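J.: Please find the sequence and the predicted model below.
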Number of protein chains: 2
Amino acid sequence: MAEEVSNKQIILKDYVEGFPKESDFMFKTSKIKLKVPDDCNHAILVKNLYLSCDPYMRSRMSKLDDNYVACFTPGSPIIGYGVSRVVDSCNPNFKKGDLIWGMTGWEDYSLIKSTEGLFKIDHTDDHVPLSYYTGILGMPGLSAYVGFYEISSPKKGETVFISAASGAVGQLVGQFAKLLGCYVVGTAGTKHKVDLLKTKFGFDDAFNYKEEADLNAALKRYFPEGIDIYFENVGGKMLDAVLLNMKLNGRIVACGMISQYNLKEGESEGVRNLFSIVAKQIRMQGFLVFHYYSLYPKFLEFMLPLIKQGKIVYVEDTAQGLETAPAALIGLFSGRNLGKQVVRVASE
Amino acid sequence: MAEEVSNKQIILKDYVEGFPKESDFMFKTSKIKLKVPDDCNHAILVKNLYLSCDPYMRSRMSKLDDNYVACFTPGSPIIGYGVSRVVDSCNPNFKKGDLIWGMTGWEDYSLIKSTEGLFKIDHTDDHVPLSYYTGILGMPGLSAYVGFYEISSPKKGETVFISAASGAVGQLVGQFAKLLGCYVVGTAGTKHKVDLLKTKFGFDDAFNYKEEADLNAALKRYFPEGIDIYFENVGGKMLDAVLLNMKLNGRIVACGMISQYNLKEGESEGVRNLFSIVAKQIRMQGFLVFHYYSLYPKFLEFMLPLIKQGKIVYVEDTAQGLETAPAALIGLFSGRNLGKQVVRVASE
């Protein structure tokens, strides 16, 4: 008979308006048998090792009819990207002991009924931390890759500006752009992050947007000739200032707009300088990384050697233990994290 | 000795803030010799036949350091697209009697020193009104062609929404989209224009945006499944409503934003729904038609047969005489024109 163990879960109490708070979540501990139930064909049961805190998750906390990702279910464990080990499997593609990354629950153990969008991790061959599959080798890494190489049409020598530049995606985009020979400036919200951009990630320059009363003037200082590529992670006022500083034929890759996620209906900041899109022949293009999953094998082939050779580095901010997960997730929206925010749930 | 004639000119008195008024212009009559002066190598002297009233001209009336088109010079005749006949030439590419279209002055006769961007009109072969070279066969026509065929990536069966749909560009985009087999809805600001869209231009449907208190609701009514392509001529509130109604992988062709042109600094309407660009993988792309002039011969080859076969029609609003030109130009910004606004200066 299958072992029964305790399963701690993080539950969303109700839909959230405005900034999420720790009190929007509660812990619940139940029991789970370490075996896929008989009626769950093709399901797998996993032990969660790392959970990924990602800005897009904010959207799932709201009740929206027309959301681009499914809303969380109040009263149930929230779900997100994670790295897990298969404990039991009724699916021929996964066997006990396999390591996977993809959508899982915020709990110790998860029963995953649909294995679509799960990737197996070959962890015998690479020499990278397993947590990297929540970041540089997971969804954020693929986002940086798709956004930069597939969407931004980058050319050597071009100027690149990145917001939320020390985050899970931004730090990689900057390094990709440097590898190609671009001039790269990033912005972030603390001195520590700005230092990281310049020293650790090799950005040509960086600034703290919170210290700039006039973002337009700041951008003119860092890009006197204008910006060819803007990698957009924040939206709002920053986008408005960037629009005034784009070059003719510039590209704006719209990856996220975190500055707007916690604003209530009607509070979102209006962007006033969109005529620049006409006057400068700008292409602004959004993307959803899950539509690009077919590129994952190619991406992995590209990234693993760069990591092993030390040509790309990655900074993670690791919270220890499931109890710390709500605070870690919420911290994204005040910029408390330094680099990719991940939660370590259990040892490998 | 060359004949000297009277030359009436339309002068911009000073830079304009807000909506332009007729009193922002003045008439001046001077004398001109119908001969290129000796010191004007490569210049041509033309008699202006038709002048084109185009929304982008508003931008040239403002004093802007970083304008995408050169500002007008207060005290001098304003300039714009027109159809003219060469009266005298010191340029081997043009001879007396040639018909041309391109940038000319708002006056009876113009000395054109730089002939770059001028096109010769072969008017022996075609059976179209000469005024068409200010519209369907000129800059607005090429704009519609470039925006639709080169930028919007249209496919048969897709849904297309056009603002300022009965204007110089919009009426053509809608007809191109119908030719390809798209479902086309346009919006305009009077009942007469809406009727024109449905009866004359063959749009599938059309509505008067001034009669819709809730643009989002209106768009949901006309596009229950969403919009694949939005041809953007107006900006502001309409763009905001469209963003909520775009389909996944939709394209927004940014051709102009006339609703914003007369707003003073700080008055422009903020667009709040830009996160849709991420969530729906939208590509929003601007263009400046003068960067696409190399396509003009191909465009002409495409358009002339369609016009001759009656497969594309065009509605012009013709003001008679140079005296009426300021009112005609200003009328664009209140939507007084029905179709392409042109001014007939002299007979052919």
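T.: Looks like it arrived, so ask away. These numbers come from a predicted model, not from an experiment.
J.: For the rest of this, base every contact and every neighbour count on C-alpha atoms.
T.: OK.
J.: Could you list the buried residues of stretch A:256-267?
T.: Buried residues in stretch A:256-267, counted by 16 or more other Cα atoms under 10 Å in any protein chain shown: A:256-262.
J.: Could you tell me the average pLDDT over stretch A:282-292, please?
T.: Average pLDDT, stretch A:282-292: 97.
J.: out of the buried residues of stretch A:256-267, who's near chain B?
T.: Near chain B, judged by Cα under 8 Å from any Cα of the partner chain, the entries from these are A:256-257.
J.: Let me have the buried residues of stretch A:256-267 in JSON lines, extended by secondary structure.
T.: Putting the buried residues of stretch A:256-267 into JSON lines (DSSP: H, G, I helix; E, B strand; the rest coil) gives the following:
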{"residue": "A:256", "secondary structure": "coil"}
{"residue": "A:257", "secondary structure": "coil"}
{"residue": "A:258", "secondary structure": "helix"}
{"residue": "A:259", "secondary structure": "helix"}
{"residue": "A:260", "secondary structure": "helix"}
{"residue": "A:261", "secondary structure": "coil"}
{"residue": "A:262", "secondary structure": "coil"}
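J.: Tell me, what's the model's pLDDT at the residue nearest to residue A:136 when sequence neighbours are not counted?
T.: Ranked by Cα to Cα, 6 or more residues apart in numbering or on different chains and with sequence neighbours excluded, the top spatial neighbour of residue A:136 is residue A:314, at 6.9 Å. At residue A:314, the pLDDT value in this model is 97.
J.: can you check the one 4 residues further on too?
T.: The predicted structure scores residue A:318 at 96 on the pLDDT scale.
J.: swap in the one 4 residues further on?
T.: Residue-level confidence at residue A:322 comes out at 96, pLDDT.
J.: Now do the helices in chain A.
T.: A:57-60, A:139-145, A:170-180, A:191-199, A:215-222, A:236-243, A:275-279, A:296-308, A:325-331 (DSSP state H).
J.: Reformat the ones you listed as TSV; add mean pLDDT.
T.: Compiled in TSV, the helices of chain A are given as follows (pLDDT from 0 to 100):
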stretch	mean pLDDT
helix A:57-60	93
helix A:139-145	98
helix A:170-180	98
helix A:191-199	97
helix A:215-222	98
helix A:236-243	96
helix A:275-279	96
helix A:296-308	96
helix A:325-331	96
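J.: closest one to chain B among those?
T.: helix A:275-279 (4.1 Å; Cα to the nearest Cα).
J.: Now residue A:159: closest residue in space that isn't a chain neighbour?
T.: That would be residue A:183: by Cα to Cα, 6+ apart, it lies 4.7 Å from residue A:159.
J.: could you list every residue that touches the one you found?
T.: By Cα atoms under 8 Å, 6 or more residues apart in numbering or on different chains, the residues touching residue A:183 are A:157-160, A:177, A:203-204.
J.: try residue A:241
T.: With contacts defined as Cα under 8 Å, 6+ apart, residue A:241 is in contact with A:215-216, A:219, A:273.
J.: Please identify the buried residues of stretch A:203-214?
T.: Buried residues in stretch A:203-214 (16+ other Cα under 10 Å): A:203-209.
J.: returning to that earlier point: confidence score at the residue nearest to residue A:159?
T.: pLDDT, residue A:183: 98.
J.: Pipe the buried residues of stretch A:203-214 into TSV and attach pLDDT per row.
T.: Listed next are the buried residues of stretch A:203-214 as TSV, based on pLDDT from 0 to 100:
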residue	pLDDT
A:203	98
A:204	98
A:205	98
A:206	98
A:207	98
A:208	98
A:209	97
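J.: Identify, from those, the entry nearest to chain B.
T.: residue A:209 (20.8 Å).
J.: isn't the closest one right up against residue A:187?
T.: Yes: using Cα atoms under 8 Å, residue A:209 makes contact with residue A:187 at a distance of 6.1 Å.
J.: closest point of chain A to chain B, which residue?
T.: Nearest residue of chain A to chain B (Cα to the nearest Cα) works out as residue A:270 at 3.6 Å.
J.: Next one, pLDDT for the residue nearest to that residue when sequence neighbours are not counted please.
T.: With Cα to Cα, 6+ apart as the criterion, residue A:270 has its nearest non-adjacent residue at 3.6 Å, and that residue is residue B:270. Residue B:270 is assigned a predicted lDDT (pLDDT) of 92.
J.: that older thread, where's the residue nearest to residue A:136 relative to residue A:207, distance?
T.: 20 Å (Cα to Cα, to the nearest Å).
J.: Residue A:249 now?
T.: 25 Å.
J.: near chain B, which residues of the stretch 51-200 of chain A?
T.: Counting by Cα under 8 Å from any Cα, the stretch 51-200 of chain A sits next to chain B at residue A:68.
J.: could you redo the last one with a cut-off of 10 Å?
T.: A:56, A:66-69 (Cα under 10 Å from any Cα of the partner chain).
J.: Output the residues you listed in a markdown table, with pLDDT and neighbour count appended to each entry.
T.: Below are these laid out as a markdown table (pLDDT from 0 to 100; neighbours: other Cα atoms under 10 Å in any protein chain shown):
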| residue | pLDDT | neighbour count |
| --- | --- | --- |
| A:56 | 93 | 16 |
| A:66 | 73 | 9 |
| A:67 | 74 | 14 |
| A:68 | 81 | 16 |
| A:69 | 85 | 12 |
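J.: farthest pair in these?
T.: Pairwise distances across those (Cα to Cα) peak at 14.8 Å, for the pair A:56 and A:66.
J.: Just the mean pLDDT for the longest strand along chain A, thanks.
T.: Criterion DSSP state E: the longest strand present in chain A is strand A:79-89. If you average the pLDDT over strand A:79-89, you get 97.
J.: by contact count, what packs against that strand?
T.: Applying 3 or more Cα pairs under 10 Å, 6 or more residues apart in numbering or on different chains; DSSP states H and E, we find strand A:79-89 packed against strand A:4-12, strand A:44-52, helix A:57-60, strand A:99-105, strand A:109-112, strand A:119-121, strand A:340-344.
J.: Can you say which of those is packed in most?
T.: Ranked by mean neighbour count under mean count of other Cα atoms under 10 Å in any protein chain shown, those are led by strand A:44-52, which reaches a mean of 28.
J.: what about that strand, distance to the chain center?
T.: 17 Å (Cα atoms, centre = their mean, to the nearest Å).
J.: neighbouring strands for it, and are they parallel or not?
T.: Strand pairing for strand A:44-52, using DSSP bridges, gives strand A:79-89 (antiparallel), strand A:109-112 (antiparallel), strand A:340-344 (antiparallel).
J.: what is in contact with residue A:209 and residue A:187 at once?
T.: Residues touching both residue A:209 and residue A:187 (Cα atoms under 10 Å, 6 or more residues apart in numbering or on different chains) are A:163-164, A:194, A:238.
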